[in-house]
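> no FASTA, just this:
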């Protein structure tokens, strides 16, 4: 297997059909979106080259202009999240760059790269994808500038955005390319978005704008209106979040332009996912690099499925990957495991077989399996649906078959499990504890205050305690010494000092202090980010306390790391303000 061409010397032609542009170092592995799209396009008979981490005008022109267009993959991680901590401090490392060195990825990479490509080739076709443009496809709150920004379509000169998982939409675009169509005029592909004015809008879009919505599109409040009024912003967010699956969304961005978001593409069918993961990936980074740290955790890992119906308020996975689960077949997964065992540096350990949540391998009920999710309830979380299927049968079959593959010593489940889902299936939990943990299992209760957990749409604290007790009992029964490592988030919208102190009390009770703490990070298109910006719950209008000042954030963070000497004075101050003198006495 060979890498996709990265220089003119490596090309077998003078002009590639498509050029994949990425702010990540080129890693030819199916955990990297740029590699997946590049290989998929190649498998359709097109010539493809990869341009990674371009900086200068010469870099952007180094492979020439492609015959059809540029596929702008905007990175595995949002560029602003990759470049800055939640405290606004520029990060010193980048796991997706050579030797982990930061500085190769510009801020707001989709805009920067698109403008550079249009400057080099004014008439070129650009389709952008990845989490950055996907979650900025509509007007959104931007944490880094503390402002509402318009759709990225208004600032990045791309012809199309592919939002969510891109294979289904890309294959349709490639079909148009084979037919000789003008790609710049593509408008009806599901899972894509574009900017238009009335003069160039399709008749369906024109009618939707004129009638404030129709059977194809919902029209939500304009950028100008949502930027000027938090209540209107919140309503527009909910209008989009609750939009029926068959509807697209239209939002006015300026006096003359509209962002048109076509209805989402259907989750990739199993046959397509199986095809994607059998493409000829080298499963390593390009030899021009010394080392790409991000490959270490995923090199011997297998993606079993995509999508997540967890509906955590702070997570935008639903807006990106979708709620519907797209799963690979057992045969495809085992074939990849077998291929991994032949790699020269494989030592017998599969690092993961999973997805966004490892034990969400199938859809939660018959209705969702048909692609239809309830608009008025959530499958799981603080008020779980009683109709949800707790079966782990398909995922257990995969783990059992993978354990039997020759050369496999152990399979870890590191992509994370939903403990509230696992709690409902003792068979799965027993096998997980017996075979797939090495001393510790990381889980994410997120908090202990039920007030905060309700806002997060996470299970109540009692559910976590029930899981903990069952985990420890099964661990003891199978003769192992294993522990849970809980993960908590500080400063989530609605979390008061009293809530934070309640978490401190729990940590004291279990004699535990997390070494690493994650402050809530407001990223575009999540419910929690809307709570953060608006300072009320958009579902019911209830006012919320939001820790926005440096001092408020520092207090909540310090309360989680109450043992550290450097936190002693601020912890005492926070506990006094929370009127928890009983905890002061325990310090």
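Looks like it came in fine. This one's a predicted model, so the numbers in the text were calculated from it and none came from an experiment.

> in the stretch 51-200 of the chain, where is pLDDT below threshold?
The stretch 51-200 of the chain contains no residues with pLDDT under 70.

> where do the strands of it begin and end?
Taking DSSP state E, counting those that start in this stretch as the criterion, the stretch 51-200 of the chain contains strands spanning 69-73, 126-129, 140-142, 147-149, 160-162, 192-197.

> elements contacting the fourth one?
Okay, so that is strand 147-149. strand 140-142, helix 223-228 (3 or more CB pairs under 8 Å, 6 or more residues apart in numbering; DSSP states H and E). Heads up, the C-betas are built off the backbone N, CA and C, glycines and all.

> partners of it in the sheet?
Strands that pair with strand 147-149, judged by DSSP bridges, come out as strand 140-142 (antiparallel).

> nearest residue to residue 372 other than its sequence neighbours?
residue 245 (6.9 Å; CB to CB, 6 or more residues apart in numbering).

> tally of neighbours for that neighbour?
Residue 245 has 14 neighbouring residues, counting by other CB atoms under 10 Å.

> now it: phi and psi?
Main-chain torsions, residue 245, degrees, to the nearest 10: phi -60, psi -30.

> now do the contacts for it.
By CB atoms under 8 Å, 6 or more residues apart in numbering, the residues touching residue 245 are 263-264, 371-373.

> scan these and report the most crowded one.
That'd be residue 264 among the contacts of residue 245, by other CB under 10 Å, with 23 neighbours.

> disregarding flanking residues, what is the spatial nearest neighbour of that residue?
The shortest distance from residue 264 to any non-neighbouring residue, by CB to CB, 6+ apart, is to residue 191 (5.6 Å).

> neighbours of the one you found, just the number please.
Residue 191: 25 surrounding residues under other CB under 10 Å.

> and for residue 476?
Around residue 476 there are 12 other residues, counting by other CB under 10 Å.

> and for residue 503?
Neighbours of residue 503 (other CB under 10 Å): 24.

> what sits against it?
Residue 503 neighbours (CB under 8 Å, 6+ apart): 447-449, 488, 559-560.

> repeat for residue 212
residue 219.

> what comes up buried for the helix or strand containing residue 399?
Here residue 399, judged by DSSP states H and E, is contained in helix 393-403. By neighbour count on 16 or more other CB atoms under 10 Å, the buried set for helix 393-403 is 395-396, 398-399, 402-403.

> also stretch 412-420?
For stretch 412-420, by 16+ other CB under 10 Å, it's 412-420.

> let's have these in CSV, adding pLDDT and secondary structure.
Below are the buried residues of stretch 412-420 laid out as CSV (pLDDT from 0 to 100; DSSP: H, G, I helix; E, B strand; the rest coil):
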residue, pLDDT, secondary structure
412, 94, coil
413, 92, coil
414, 87, coil
415, 81, coil
416, 84, coil
417, 91, coil
418, 93, coil
419, 94, helix
420, 93, helix
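
> format the helices and strands packed on strand 147-149 as JSON lines; extra columns: distance to residue 122 and mean neighbour count.
Listed next are the helices and strands packed on strand 147-149 as JSON lines, based on distance: least, CB to CB, whole Å; neighbours: other CB atoms under 10 Å:
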{"stretch": "strand 140-142", "distance to residue 122": "28", "mean neighbour count": "22"}
{"stretch": "helix 223-228", "distance to residue 122": "26", "mean neighbour count": "18"}
